[in-house]
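> Kindly generate the corresponding structure for this input.
(chains A and B)
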Amino acid sequence: MREGPHDGLIWSLQMEDSQPPGLRQEWLARRSTRRALLAGGAAVAAAGTAAVVVGVAARDTSPAGATATPAGGPASQAATQAAAETPRLARVMPEPRRRAAHLLRRAGFGGTAAQIDEFAGLSREDAADRLLNYETIDNSALDARLAAATFDPIRPGDNVRWWYTRLLYTARPLEERMTFLWHGLLTSQVSKIGPQRSKLMLAQNQLFRTHALGKFDDLLQAVSKDPAMLVYLDTVDSTKEHPNENYARELMELFSMGVGNYTEDDIREAARAFTGWRITNPDRPARPVEGLSEEERRKLLDEVWRSYEPKFIVNQRLHDSGSKTFLGRTGNFGGEEIVSIILEQPATGRYITARLFSEFAYPDPDQETVDRLVKVWDESAHSIKAVVREILTSDEFYSERAYRSLVRCPVTFLVNAVRGLEIGDDLRPNMFNDKYIKGMDQVLFEPPNVAGWPGRATWLSSGTFFARVNFLDQFLMGQRARPLRLPALDGATTPETLVDRALSIFVDGNVPAASRQSIIDYAATLSNPQQRASAVAYLALASPEYQLI
Amino acid sequence: MFNRRDFVKGGVALVSIGTTAQSLLKGSVAFAAQHPNDVLAKNNGKILVLVQMAGGNDGLNTLPPIGDAAYRSARKIIGVADDAILPLEGGYGLHPNLSGLKTLWGEGRLAVVRGVGYPQQDYSHFKSMAIWQAGDPELKLQDGWLGRTLEKMESEQHDPFKGFNIGTSTPPEMRIASIPIPSVNDPADYNFAVGVRSATGTDPRTATLMKLYEQYPAASPYGVLLETTVENAVTSAKQLAEVAKTYVPAVVYPETSFASGLSVLAEAIVGNLGMRVGHVTLGGFDTHSGQVEDHDRLMTTLDEGLTAFYRDLAAHGKADDVLVLTWSEFGRRVQENASGGSDHGSASVMFALGNGVQKGLYGDAPSLSKLIDNGNLSFTTDFRSVYATVMERWLGVPSEAILGKNWDQVGFIRAA
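Residues are numbered from 1 along each chain as shown, chains lettered A, B, ... in the order given. Below is the predicted model:
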């Protein structure tokens, strides 16, 4: 897609040499002001990447400082400063429309202009409940869209397209948001399951949707028996003679308690309890494969995988039914008892509620905040919905500290763009599997490892930056220079109204005045209305503000 | 504390995005003049390329013992047959698929450090990786060990490629706020795609976008990270495109993403982009089941990639300047499991490759009869000794400040 190898070069020549002298002076002046600001705040640039965020947090909203601040040195100045500014950071954002947009970004994938306006008129509780009680929301338009499309469940690329279709067109954004959250926490990777068995990932995805806001206990028990998970973490290979520890370890380390709350012995004992856990095999092919041509054979086997509906079973011969001592308790535990004991641990409540809070509000919540969430967790018998509701109606969630405190992940980057621009059926079907999606570093059904996507600042690198902006270029401009139609920007005829509309939908209109003016100035140079709208959408979506959430 | 990048940012150099490196002030020289107490290590021109073998590489099968009864009885399925091992010395040899490395051993270019680990081995991938990446089992040191190292190294100019990663996001060991690390997966996509262009051939949309990053207040959330990342992206893309015009590989690299990543590092090295530390990852070593097939393939990928990289650098006269070092977060359990695989273990091996290497096996091989933690190897060499060796003897950077204490060095780097 590159038109020439020197875009960067061309750009730099322009900045260095071919800009009008006045503009260049102005640019340099702004730049040195900025540099001076940076140099003045030595803490900002002196410590680690995490500490950059800390340093910034000291003067603005980012929260990572709580854990990243080293003893002594510049970052502790930052911490002192942060403490001094705590009241301001704890303040609830005053602007109703900004609060509404924040909620729709965090608990969904961003709103349209009309949705943001609508939510701006609701109380915190009503706004949260409208998202949480999604069973009552009619989703038939999505169902019809899914039914009309063709997806082959044994093609991983089709599965990605299937899920993006849901993400883009669902009327129940929190349902998909939770499904996505559980996919990132209770991970499996399709590459390990194997493409022919990628249908198992769809079943797991549906499991996450079914339990999205249910009882965490049901979810953890169910995922322990989920065929994709049983394959992914090698439980299907684990025997009484040779227990495989993979699932037992990750269950405790990543899916429930977190490190430091169990011993290596606990892992070994738990692994014994999951031995013999298996899934049923696929049916035999309808006819013998011997003597068939390569293509006939492939078709026949594809049919086998397409009709495969694996069920969880326990092979008692391979199961270790002996006594186990786990987390201080002794008994002939099976896997379900192990999961139940884990669910009773205070560590599990702390780990899961803190994780939910970090996903929705800001990373590394304070002790008091977690204590409050754990109380809700305990009193609601581990109801995910109750905890999420507590988070989405809290002062912390709507605080200045939460605002733009997270880096936008690629899935939200994409889905919010499509939803915010109100694009209908105009999307290229192959856009969800192109190289830029991989370049942004997030492929659905393929987190990098069992810990899921590390997120936070890791989303931002020079490489992912190019992937993001180049994705936008291809998405908005199309491959044949026919720009995508952008219904949300229709009717905004002047550069000013167009820019304000786009900035309002995507970044709360909250950008420096100079940035707004830069986009307006550029938009004014484009006379073709479609090209102008595309260029403005590109700049809004590529802006630094949109990279945060 | 004050570092070179702050100094540059302080307004003296006014490094504008896209400025050619040659035109820049030699920031480090001026920095050193004004800050005599924080002099950076002299640029000795030496380059480190770190290869991460992610997932926990089976060191025991990478460097198996020959004719060892304990090894044979623990690994009936996954063990490497004695007659297939490529012998090195002292009863140890290389995995049969490491024939290229065996040849380089014969040429005196390869060293292996055995039994590398740390006290109280952690068996979690993520915790153990974090330990290696921080260079600190207690995880009290901030940032990545290479990030802290890079910060102490002088470079000739404001090099966007001082640290260079192949991949999509910055590896934790290279993280440090003061130095943005370009991450390149495919150089062909490492630049702005522009669907609509004005008649003059310049791209005003990109220029407008850069203004948005300029104007985003540094004190706003992630302000410094956003700005330095984008600035680095633009500068590094331009330089890489320039170098790509003249670099011709002297070998045919294998068609693996690992090898193509190494070829991009070679391009940066041959093109004199000022790279001091490079990073590339080969993943898939978490061989819990069906290990033989997977590990054999990974050994081939490693061997063919490193061999091509070395030969390419040698043909371009750069093999004297580049040290390749491999690492993995842990090895595997001695006893194979029932799935034809192996579970998370402890000590593993590290390779060092290059003309600066003193050939040999270093560190004691861990005993297969005195196991710890229910069947794991007891480490013999602390990984921080290896780090310290690379810092002191190769990069010329004092290691004590970076690692928090002095570590004994390992002899695998030849005296200059």
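
> contacts, neighbours, all on C-alpha from now
Fine.

> Lowest-scoring secondary structure element of chain A by mean pLDDT?
Among the secondary structure pieces of chain A, namely its helices and strands, helix A:7-13 has the lowest mean (mean pLDDT, DSSP states H and E), a mean of 25.

> same check, this time on chain B
None of the helices or strands of chain B scores lower by mean pLDDT, DSSP H and E than helix B:4-7, at a mean of 34.

> tally of neighbours for residue A:513?
A total of 10 residues lie near residue A:513 under the criterion other CA atoms under 10 Å in any protein chain shown.

> contacting residues for it?
By CA atoms under 8 Å, 6 or more residues apart in numbering or on different chains, residue A:513 lies in contact with nothing.

> same thing with the one 3 residues further on?
Residues in contact with residue A:516 (CA under 8 Å, 6+ apart) are A:499-500.

> Also residue A:387?
Taking CA under 8 Å, 6+ apart as the test, what residue A:387 contacts is A:353, A:373, A:376-377.

> With residue A:238 instead?
When contacts are counted by CA under 8 Å, 6+ apart, residue A:238 is found next to A:244, A:274-277, B:338-339.

> Next, find the distance separating residue B:315 from residue B:103.
When distance is defined by CA to CA, to the nearest Å, residue B:315 is 17 Å away from residue B:103.

> picking up where we left off before, what's the ChimeraX syntax to select whichever of the contacts of residue A:238 are buried?
Selecting only the buried members of the contacts of residue A:238 in ChimeraX, with burial defined as 16 or more other CA atoms under 10 Å in any protein chain shown, works like this:
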select /A:244,274,275,276,277 /B:338,339
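
> Kindly reformat the contacts of residue A:238 as a markdown table containing pLDDT.
A markdown table is the format used below for those (pLDDT from 0 to 100):
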| residue | pLDDT |
| --- | --- |
| A:244 | 90 |
| A:274 | 98 |
| A:275 | 98 |
| A:276 | 98 |
| A:277 | 98 |
| B:338 | 84 |
| B:339 | 86 |
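
> quick one: which of the contacts of residue A:238 sit in strands?
Among the contacts of residue A:238, the residues falling in strands (DSSP state E) are residue A:277.

> Tell me the one of the contacts of residue A:238 nearest residue B:269?
For the contacts of residue A:238, the residue nearest residue B:269 by CA to CA is residue B:339; the value is 42.6 Å.

> Need the single longest helix in chain B, by residues.
Selection of the longest helix in chain B by residue count, based on DSSP state H, yields helix B:291-315.

> So which bits of that helix are buried?
Within helix B:291-315, the residues scored as buried using 16+ other CA under 10 Å are B:291-292, B:295-296, B:298-314.

> Tell me which ones among those residues also neighbour chain A, please.
The subset of the buried residues of helix B:291-315 within reach of chain A, by CA under 8 Å from any CA of the partner chain, is empty.

> Quick check: residues of the stretch 301-450 of chain A near chain B?
On the criterion CA under 8 Å from any CA, chain B has as its neighbours in the stretch 301-450 of chain A the residues A:404-405, A:439-441.

> What subset of those residues is buried?
With burial judged by 16+ other CA under 10 Å, the buried subset of those is A:404-405, A:439-441.

> Same list (the residues you listed) but as a markdown table, adding secondary structure and pLDDT.
Supplementary listing: these in a markdown table, determined by DSSP: H, G, I helix; E, B strand; the rest coil; pLDDT from 0 to 100:
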| residue | secondary structure | pLDDT |
| --- | --- | --- |
| A:404 | coil | 97 |
| A:405 | coil | 96 |
| A:439 | helix | 92 |
| A:440 | helix | 94 |
| A:441 | coil | 91 |
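
> can I get these in CSV with distance to residue A:464?
As requested, those are exported to CSV (distance: CA to CA, whole Å):
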residue, distance to residue A:464
A:404, 19
A:405, 19
A:439, 6
A:440, 5
A:441, 7
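
> now residue A:497: how far from residue A:523?
Here the distance between residue A:497 and residue A:523 works out to 11 Å (CA to CA).

> more crowded one of these two?
Under the neighbour definition other CA under 10 Å, residue A:497 and residue A:523 were set side by side, and residue A:523 has more, 25 against 14.

> For that one, I want the exact helix or strand it lies within.
For residue A:523, the host element (DSSP states H and E) is helix A:513-524.

> close to chain A, is stretch B:259-276?
No - with CA under 8 Å from any CA as the threshold, stretch B:259-276 lies outside contact range of chain A, at a closest distance of 13.6 Å.

> now that stretch, how far from the centre of its chain.
In terms of CA atoms, centre = their mean, to the nearest Å, the centre of stretch B:259-276 is found 13 Å from the chain centre.

> buried residues in that stretch?
Buried residues in stretch B:259-276, counting neighbours by 16+ other CA under 10 Å, are found at B:259-271, B:273-276.

> try stretch A:217-232
Applying a neighbour-count criterion of 16+ other CA under 10 Å, the buried positions in stretch A:217-232 are A:217, A:219-232.

> What lies in contact with it?
For stretch A:217-232, with CA under 8 Å, 6+ apart as the criterion, the contacting residues are A:186-189, A:192-193, A:200-201, A:203-204, A:207-208, A:211, A:236, A:277-279, A:310-312, A:336, A:339-340, A:343, A:382.

> Would you mind listing what in the stretch 151-300 of chain A touches chain B?
Residues of the stretch 151-300 of chain A lying close to chain B by CA under 8 Å from any CA are A:234, A:237-239, A:241-246, A:249.

> What's the ChimeraX line that selects buried ones from those residues?
Selecting just the buried residues from those in ChimeraX takes one command, with 16+ other CA under 10 Å as the test:
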select /A:234,237,238,239,242,243,244,245,246,249
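
> picking up where we left off before, helices or strands up against the next helix or strand after the longest helix of chain B?
Going down the chain from helix B:291-315, the next helix or strand is strand B:322-327, by DSSP H and E. Identification of packing neighbours for strand B:322-327 by 3 or more CA pairs under 8 Å, 6 or more residues apart in numbering or on different chains; DSSP states H and E yields strand B:47-54, strand B:348-353.

> Quickly find the element holding residue A:376.
Element membership for residue A:376 (DSSP H and E) is helix A:367-379.

> Run through the stretch 201-350 of chain B and note the low-pLDDT ranges.
Segments of the stretch 201-350 of chain B classed as low confidence (criterion: pLDDT under 70) are B:201-202.

> Closest residue of it to chain A?
The shortest separation between the stretch 201-350 of chain B and chain A is 4.4 Å, found at residue B:233 (distances taken as CA to the nearest CA).
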